[in-house]
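Novice: Sequence and predicted structure, then a few things I'm wondering about:
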Amino acid sequence: MSAKAISEQTGKELLYKFICTTSAIQNRFKYARVTPDTDWARLLQDHPWLLSQNLVVKPDQLIKRRGKLGLVGVNLTLDGVKSWLKPRLGQEATVGKATGFLKNFLIEPFVPHSQAEEFYVCIYATREGDYVLFHHEGGVDVGDVDAKAQKLLVGVDEKLNPEDIKKHLLVHAPEDKKEILASFISGLFNFYEDLYFTYLEINPLVVTKDGVYVLDLAAKVDATADYICKVKWGDIEFPPPFGREAYPEEAYIADLDAKSGASLKLTLLNPKGRIWTMVAGGGASVVYSDTICDLGGVNELANYGEYSGAPSEQQTYDYAKTILSLMTREKHPDGKILIIGGSIANFTNVAATFKGIVRAIRDYQGPLKEHEVTVFVRRGGPNYQEGLRVMGEVGKTTGIPIHVFGTETHMTAIVGMALGHRPIPNQPPTAAHTANFLLNASGSTSTPAPSRTASFSESRADEVAPAKKAKPAMPQDSVPSPRSLQGKSTTLFSRHTKAIVWGMQTRAVQGMLDFDYVCSRDEPSVAAMVYPFT
């Protein structure tokens, strides 16, 4: 489930179009949308009722408690609406800690009513089912509804009938309005389920002698249900939260994601921030962001995103260059930090994905040095040694400070290093082993670069200086020499080795069998697959 907020305008359009109820809901949604570019003459031509009715005007930008904030103009004439909008439309406003521009307003007919005719209704999804909340005193002063409202849990695959509503929710509602309220809430719940809402709040819901009116609405839908609800939803828009603008780069990455079997996500939080992330894996992206915030970097975190699902080199390149382009637009007095992190991949070729990132770093090496960007890399998985070697190599050839770490370093340790909470250790030479058998690579960091003619760094051997040995983290006499390390290393696999694969890892097994075929192996390297869940 991916719960995404929709505008009040979109929510009301869907509600009035698809709700089925016997209550006398006023099922014609009359509204006019006003932006800084609105032509008032054309607006009046399209909506002549603006001249004949009293009006309500309010911003439609995912702002809660607008009434308390003085952002609702009530019972105004058209001239009154224009006067009310003049100091607000297109102006900057602060709501809580968020600051943004008020640029999208909704004008609706004013509904005369008394305080006693205002009610509160909310439906939201949980793991156990959907909770329905009702309070007989709605409006701007509703207060803490979680503590005050009547609450009813509707389990998964259960239905909500009017009798249960009357019995559990409408305990304090006026007797003469119970029937119409029960009918409306029942229809509202069915609408909520049919169109895959995850949150639907109406405050106030007004019930007069003329019928039911939905005055204010906030809603979220399950964005992953788009393929189910496309016909009813149409081309639904998910506006950004107030205080955060929609950026074309986000739309570009979303378009790449839609056209790919891989996952590519990008959300800009603070384009002027100092700390940028390029993380492999959805879970890892959350861990890195949480760690940055825990270590005091919440105000400097520039973006949130992830790439996963074995993206191609070109897709990784497009993703990386988008982030590098964004982070090199404005300078920061303390320089900037790029964290290229991830956990230990199962079967993603780390070296292949790093190839695209290396290309992007080469393309942006000038701006990266100009903006004093320091890069911290931590990754594990198939061929990660080759990927890390290439990252270290591109740092040496471009002059960009790139600190490279593998599985010997905790996943989030590079965050502490980047933020200055822990020292950056020197990298000792690592023992050779057979973990990166797919590529022409070695686990030893001291292997001369000229011996790697098939490098992912795309550099010729005569262009790259031999890699220097890293300074040891302990006294020289306590560090085993490369020769002694080679003597202690053992061959883990031979041409006769066979594996038993745990779990239904069909993709990994197919890759192993393909490799057997390429190597002309007499017997397959996979002896069996164990799947214990049948």
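Specialist: Here it is on my side, so go on.

Novice: Run a quick check on residue 12 versus residue 213, I expect a contact.
Specialist: No. If you go by CB atoms under 8 Å, residue 12 and residue 213 don't touch, sitting 10.9 Å apart. The C-beta positions use only the backbone N, C-alpha and C, and glycine is treated the same way.

Novice: higher neighbour count, the two?
Specialist: residue 12 (22 against 19; other CB atoms under 10 Å).

Novice: Show residues contacting the host helix or strand of that one.
Specialist: Per DSSP states H and E: residue 12 is located in helix 8-18. The contact list for helix 8-18, computed with CB atoms under 8 Å, 6 or more residues apart in numbering, reads 25, 27-29, 31, 33, 60, 106, 188, 191, 194-195, 200, 214, 216-219, 232-233, 236-237.

Novice: Check the offset of that helix from the chain's centre.
Specialist: Between the centre of helix 8-18 and the centre of its chain there are 25 Å (CA atoms, centre = their mean, to the nearest Å).

Novice: Go ahead and report the secondary structure state at residue 267.
Specialist: strand (DSSP: H, G, I helix; E, B strand; the rest coil).

Novice: Would you confirm that it contacts residue 301?
Specialist: No. With contact defined as CB under 8 Å, residue 267 does not count as touching residue 301 (10.7 Å).

Novice: Give me the more crowded residue out of the two.
Specialist: Taking other CB under 10 Å, residue 267 and residue 301 do not tie; residue 301 has more neighbours (18 against 13).

Novice: Distance across stretch 96-107, terminal residue to terminal residue?
Specialist: This stretch, stretch 96-107, spans 24 Å end to end (CA to CA, to the nearest Å).

Novice: Report the distance from it to the chain centre.
Specialist: 22 Å.

Novice: How about the contacts made by the residue nearest to residue 400 when sequence neighbours are not counted?
Specialist: Nearest residue to residue 400, sequence neighbours excluded (CB to CB, 6 or more residues apart in numbering): residue 368, at 5.4 Å. With contacts defined as CB under 8 Å, 6+ apart, the neighbours of residue 368 are 324, 328, 361, 398, 400.

Novice: What helix or strand is residue 201 located in?
Specialist: Applying DSSP H and E, one finds residue 201 within strand 197-208.

Novice: quick one: strands adjacent to that strand?
Specialist: Strand partners for strand 197-208, identified by DSSP bridges, are recorded as strand 118-125 (antiparallel), strand 211-214 (antiparallel), strand 217-222 (antiparallel).

Novice: tell me which residues in the shortest one are buried?
Specialist: Spelled out, that is strand 211-214. Neighbour-count burial for strand 211-214, counted by 16 or more other CB atoms under 10 Å, picks out 212-214.

Novice: What is the nearest of those residues to residue 166?
Specialist: Checking those against residue 166 by CB to CB gives residue 212 as the nearest, at 16.2 Å.

Novice: Give the next helix or strand downstream of the helix holding residue 12.
Specialist: strand 32-34.

Novice: Which residues does that next one contact?
Specialist: 9, 43, 46-47, 50, 57, 60, 85, 89, 104-108.

Novice: In strands, which of those residues fall?
Specialist: 57, 105-108 (DSSP state E).

Novice: to the chain's geometric centre, what's the distance from stretch 304-319?
Specialist: Put simply, stretch 304-319 sits 14 Å off its chain's centre (CA atoms, centre = their mean).

Novice: In TSV, list the strands paired with strand 197-208 along with mean pLDDT and distance to residue 21.
Specialist: Shown next, in TSV, are these (pLDDT from 0 to 100; distance: least, CB to CB, whole Å):
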stretch	mean pLDDT	distance to residue 21
strand 118-125	96	12
strand 211-214	90	8
strand 217-222	95	15
